[in-house]
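K.L.:
pasting the sequence and the predicted model now:
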Number of protein chains: 2
Amino acid sequence: MNRCYGMTNQQAVLDLLDIVEYGGCAEPQQFFALMRRTFDIAHLLYLEAESTPEGLKVCRLHHTFGAYAEELYLSRGLHRIDPILRLALGGVRPVEWATARRRFPECEPLFQAAEDIGLSTEGVALPLPSPAGRMALLAISANMPPAEWSEYRRCHLRDFQLAANLFHASMLEQSMADAIDERDTRLTGRETEVLTWSAAGKSYWEIATILGISERTVRFFMSNARRKLNVVSNTQAVAQAVRHALIPNI
Amino acid sequence: MNRCYGMTNQQAVLDLLDIVEYGGCAEPQQFFALMRRTFDIAHLLYLEAESTPEGLKVCRLHHTFGAYAEELYLSRGLHRIDPILRLALGGVRPVEWATARRRFPECEPLFQAAEDIGLSTEGVALPLPSPAGRMALLAISANMPPAEWSEYRRCHLRDFQLAANLFHASMLEQSMADAIDERDTRLTGRETEVLTWSAAGKSYWEIATILGISERTVRFFMSNARRKLNVVSNTQAVAQAVRHALIPNI
DNA sequence: AACTAAACTGTCACTACCGACAGTTACATG
DNA sequence: CATGTAACTGTCGGTAGTGACAGTTTAGTT
């Protein structure tokens, strides 16, 4: 019981949370080291991803595993653990590895492979969504028997969750600072207008009439909007625009 | 110090977190009552919103304030506190009310009004994003002097954060269960699939290949979707589908 | 048995969209 | 002056989307 509630341990936890919250902890390895000094955990993995029709596209990956384990992880097929990633990345609720292991038998070879190289298969994945729809997670593993992990997790999930959120916030804020520099992605007024009318079901000819410009210009603005949104069709452009509240409802 | 670290208090907190995590706590008032029994807090407010170019649109609002305070809150203008809501809804990091109060002087009249009717102005707002881009927050207030609140918050932010996340997960899961029922009465599975792929930028031919059907069938499903959504183009159909969360983000 | 809904498919004529080639003016900034 | 951004425009060849005509099979319900 002292393990969970001991005063020194609690003080260390609160100190860690202060550092992550106020110390601007946007360096993954620094954060991982801090977490491993404070908690009895083995490894951490932070991953940001986008979901595409071809499967998950990893945008950012930081972890404490060595290169060998990463190579093994990827060569054995990220798709193997895809259902678990999708579950964690598609929701909000923490995903317990052992629960997912039982639920998705197709992932068993990957868990076996991890055990073969001495990695623990007890852990939890914490979904970290963001307002812009970007998906991320922090996975934490520990070298403990199942019953001990279950109790440890119960005591510290709140610590993991807040630390993960604050770290994720720092990462997002850094990403946003970087992204602000990319001004080419902002739609002009005219581009927004043609997107809005297209979303309302109007053809180019109709939009041209409404706005008092040529159809050719409508197409020019639309083409610009597609390029800036990095999409291949107007339909996709409108989907993105609505998702990111770039256009009003009319 | 016992206030933070006392064994009974910690046990009550972990019990609460168990209930929220495993008890399927999707009733807001039940959740609020549980939180108020466990923590020394005054009020809670859970809000889901969409950001539109015309301002914030509140989708869901639950709170422990009486009807009079809600009326006062809304009549005094949600737009007054809009910068704080936007900050909380547009990010991931917890927003301290006192910090926001200093940062946004235009909100001062609203804080004054709250004090006039005896509501505390010490609190924190916890952003609760979701993978589908829906924004929410849980605000927690306490009747304490600033220095006491600061210390209490430091001890319990992790508890608030995890409890909020788990409650938010329950709310989302219930929303998704409802949305699935509603969707079943309108678009069929295949219609939703072709819409989703179209929104992802795929042409009919590409969608046909992906789904292993003919292009003709893709067009048939698409035509059905347009008719059911009462729209005249695929672009408009996708805009409506995204707005009403009829299709997932892929 | 008859009906409905869902999933699946072909052909035709027409239109709307698309990239690629080309251009303009006005304004702001270095 | 040169450069970048925003708004504006024409022509051409090709393709993706659209409605309209037609059909099939299967499963569930009355």
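P.N.:
Now that the structure is in, tell me what you want to look at. Numbering: from 1, shown residues only, chains lettered A, B, ... in the order given.
K.L.:
mind listing the strands for chain A?
P.N.:
A:43-52, A:55-63, A:95-96, A:123-127, A:135-141 (DSSP state E).
K.L.:
the fourth one versus strand A:135-141: what angle between them?
P.N.:
Orientation of strand A:123-127 against strand A:135-141 (axes from the mean of the first three to the mean of the last three CA atoms, to 10 degrees) gives an angle of 160 degrees.
K.L.:
and chain A, which residues reach DNA strand D?
P.N.:
For chain A, the residues in contact with DNA strand D (CB under 7 Å from any atom of the strand) are A:184, A:186, A:188-191, A:211, A:213-217, A:220-221, A:233. Any C-beta I mention is one placed from the backbone N, CA and C, and that applies to glycine too.
K.L.:
which stretches of chain A have low pLDDT?
P.N.:
A:1-8, A:24-25, A:50-57, A:68-83, A:86, A:106, A:132-134, A:175-185, A:249-250 (pLDDT under 70).
K.L.:
rerun that using 50 as the cut-off
P.N.:
Applying pLDDT under 50 to chain A flags the ranges A:1-2, A:5-8, A:52-54, A:79-80, A:179-183.
K.L.:
which ones are touching the residue most central in space within it?
P.N.:
Computing the C-alpha centroid of chain A and ranking residues by CA atoms, centre = their mean puts A:Ala136 first, at 1.4 Å. The contact partners of A:Ala136, by CB atoms under 8 Å, 6 or more residues apart in numbering or on different chains, come to A:46-49, A:60, A:89, A:127-130, A:168, A:171.
K.L.:
related to what we said a few turns ago, are any of the residues of chain A next to DNA strand D buried, and if so which?
P.N.:
Buried members of the residues of chain A next to DNA strand D, counted by 16 or more other CB atoms under 10 Å in any protein chain shown: A:190-191, A:211, A:213, A:221, A:233.
K.L.:
if we can go back for a sec, which one of the contacts of A:Ala136 sits closest to DNA strand D?
P.N.:
A:Ser130 (25.9 Å; CB to the nearest atom of the strand).
K.L.:
quick one: the closest one and A:Met171 touch, right?
P.N.:
No. Because the distance of 9.3 Å does not satisfy CB atoms under 8 Å, A:Ser130 is recorded as not touching A:Met171.
K.L.:
give me the residue from chain A nearest DNA strand C.
P.N.:
Per CB to the nearest atom of the strand, the residue of chain A with the smallest distance to DNA strand C is A:Tyr204, at 3.3 Å.
K.L.:
from A:Val238, how far off is that residue?
P.N.:
Counting by CB to CB, to the nearest Å, the gap from A:Tyr204 to A:Val238 is 14 Å.
K.L.:
the two: which is more packed in?
P.N.:
Set A:Tyr204 next to A:Val238 and count neighbours by other CB atoms under 10 Å in any protein chain shown: A:Val238 wins out with 30 against 19.
K.L.:
so is stretch A:145-157 next to chain B?
P.N.:
Yes. Using CB under 8 Å from any CB of the partner chain, stretch A:145-157 reaches chain B at A:154-155, A:157.
K.L.:
now tabulate those residues in a markdown table and tack on neighbour count.
P.N.:
Below are these laid out as a markdown table (neighbours: other CB atoms under 10 Å in any protein chain shown):
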| residue | neighbour count |
| --- | --- |
| A:Arg154 | 14 |
| A:Cys155 | 18 |
| A:Leu157 | 23 |
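K.L.:
closest to DNA strand D among those residues?
P.N.:
The shortest approach to DNA strand D among the residues of stretch A:145-157 next to chain B belongs to A:Leu157, at 42.9 Å (CB to the nearest atom of the strand).
K.L.:
give the contact list for the closest one.
P.N.:
A:94, A:124, B:17, B:162.
K.L.:
same check, this time on A:Ala100
P.N.:
With CB under 8 Å, 6+ apart, A:Ala100 has these contacts: A:83-84, A:87, A:107, A:125.
K.L.:
from those, which would you call buried?
P.N.:
Using 16+ other CB under 10 Å, the buried ones in the contacts of A:Ala100 are A:84, A:87, A:107, A:125.
K.L.:
what is the nearest of those to DNA strand D?
P.N.:
For the buried ones among the contacts of A:Ala100, the nearest to DNA strand D is A:Leu87 (29.1 Å; CB to the nearest atom of the strand).
K.L.:
give me the nearest residue to the closest one, chain neighbours excluded.
P.N.:
A:Val95 (5.5 Å; CB to CB, 6 or more residues apart in numbering or on different chains).
K.L.:
count the neighbours of the one you found for me.
P.N.:
Count around A:Val95 with other CB under 10 Å applied: 20.
K.L.:
enumerate the beta-bridge partners assigned to A:Tyr46.
P.N.:
Residues in a beta bridge with A:Tyr46, per DSSP bridges, are A:His62, A:Leu138.
K.L.:
can I assume it is in contact with A:Leu126?
P.N.:
No. If you go by CB under 8 Å, A:Tyr46 and A:Leu126 don't touch, sitting 9.8 Å apart.
K.L.:
state which helix of chain A is the longest.
P.N.:
Secondary structure of chain A read by DSSP state H shows that its longest helix is helix A:146-180.
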